[in-house]
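Trainee: What shape does this take:
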Amino acid sequence: MKYTSDITVGALKVPESRVIADLLIREVNETGFWEAVEGHNVLQARSRRTARSLALLVRRRLKTMNRDMWFLVRDGSGMVATHAALAAAIKDSPLLGDFLDLVVREQYRLFSPALSGKLWDRFIDDCQGRDPDMRRWSESTIARLRSSVFQSIAQAGYIESTRSMKLQTVHIAPPVLSCLQTHRETYVLGCMQVAP
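Mentor: Predicted structure coming up:
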């Protein structure tokens with residue numbers, strides 16, 4: 001199954017990603033990891049359950065990438081960390097990556113001023129054709145997925161806000177671009193380099 005709904009847990013979660021990247025870089029063992037997350041609430045979550053869900057999502061995303069990217073997430077400037085977190089989210093979620101690659105790229109090519117909700121609905125319908133094993137999601141799950149995906153691309157600068165949906169030109173942070181090129185992350189690069 002190519003497409004999953006895991007991204008509903010949250011958008012890019014940059015502050016949380018910085019914390020988890022630090023734990024990964026320091027090679028904290030499993031016991032220490034969960035002690036930090038649940039015992040010390042390093043993610044500053046409202047509940048242990050939320051902390052656990054966030055930690056699982058962010059750690060899984062970051063583990064799709066190399067240590068070089070973890071350092072960019074932990075130590076990079078705001079935009080560097082954001083673009084590094086986006087790269088990991090794309091690698092972890094083809095739903096996010098393909099939306100950028102197949103939908104957002106086309107809207108830039110057509111010089112569309114903004115994205116529309118209809119584009120999301122059509123994309124979800126098309127996903128079923130690309131992934132026959134994809135689960136049939138409820139309307140509420142589709143709405144939460146839409147929210148997470150649009151928040152992610154807004155945080156990374158592709159749209160002005162989730163309210164206006166106005167497209168903007170994005171220049172990928174050079175350290176992130178370099179890291180992706182060095183590690184031959186072709187799919188992620190393609191998904192991120194959609195703006196003119």
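Trainee: Pretty sure Met192 sits against Leu100.
Mentor: Yes - look at Met192 against Leu100 with CB atoms under 8 Å: they come within range, at 7.0 Å. For glycine as for every other residue, the C-beta is placed from the backbone atoms N, C-alpha and C.
Trainee: looking at this structure, which helix or strand does the model trust least?
Mentor: Comparing helices and strands within the chain by mean pLDDT, DSSP states H and E singles out helix 117-130 as the least confident, with a mean of 92.
Trainee: mind checking how far that helix is from the chain centre?
Mentor: Relative to the centre of its chain, helix 117-130 is centred 18 Å away, using CA atoms, centre = their mean, to the nearest Å.
Trainee: got the contact list for that helix?
Mentor: With contact meaning CB atoms under 8 Å, 6 or more residues apart in numbering, helix 117-130 is reached by 2-3, 95, 98-99, 102-103, 107, 134, 137, 142, 145-146, 149-150.
Trainee: Tell me the helix or strand right after it.
Mentor: Using DSSP states H and E, the helix or strand that directly follows helix 117-130 along the chain is helix 139-155.
Trainee: Need the residues that contact whichever helix or strand comes after that following helix.
Mentor: Next along the chain after helix 139-155, taking DSSP H and E as the criterion, comes helix 174-182. Applying CB under 8 Å, 6+ apart, the set of residues contacting helix 174-182 from outside is 66, 68-69, 72, 76, 80, 83-84, 87, 188-189, 192.
Trainee: next structured bit after helix 174-182?
Mentor: helix 186-192.
Trainee: Tell me which other helices or strands that following helix touches.
Mentor: On a contact count with 3 or more CB pairs under 8 Å, 6 or more residues apart in numbering; DSSP states H and E, helix 186-192 meets helix 78-92, helix 94-98, helix 174-182.
Trainee: counting contacts, what elements does the shortest one pack onto?
Mentor: Counting by 3+ CB pairs under 8 Å, 6+ apart, the packing neighbours recorded for helix 94-98 are helix 78-92, helix 117-130, helix 139-155, helix 186-192.
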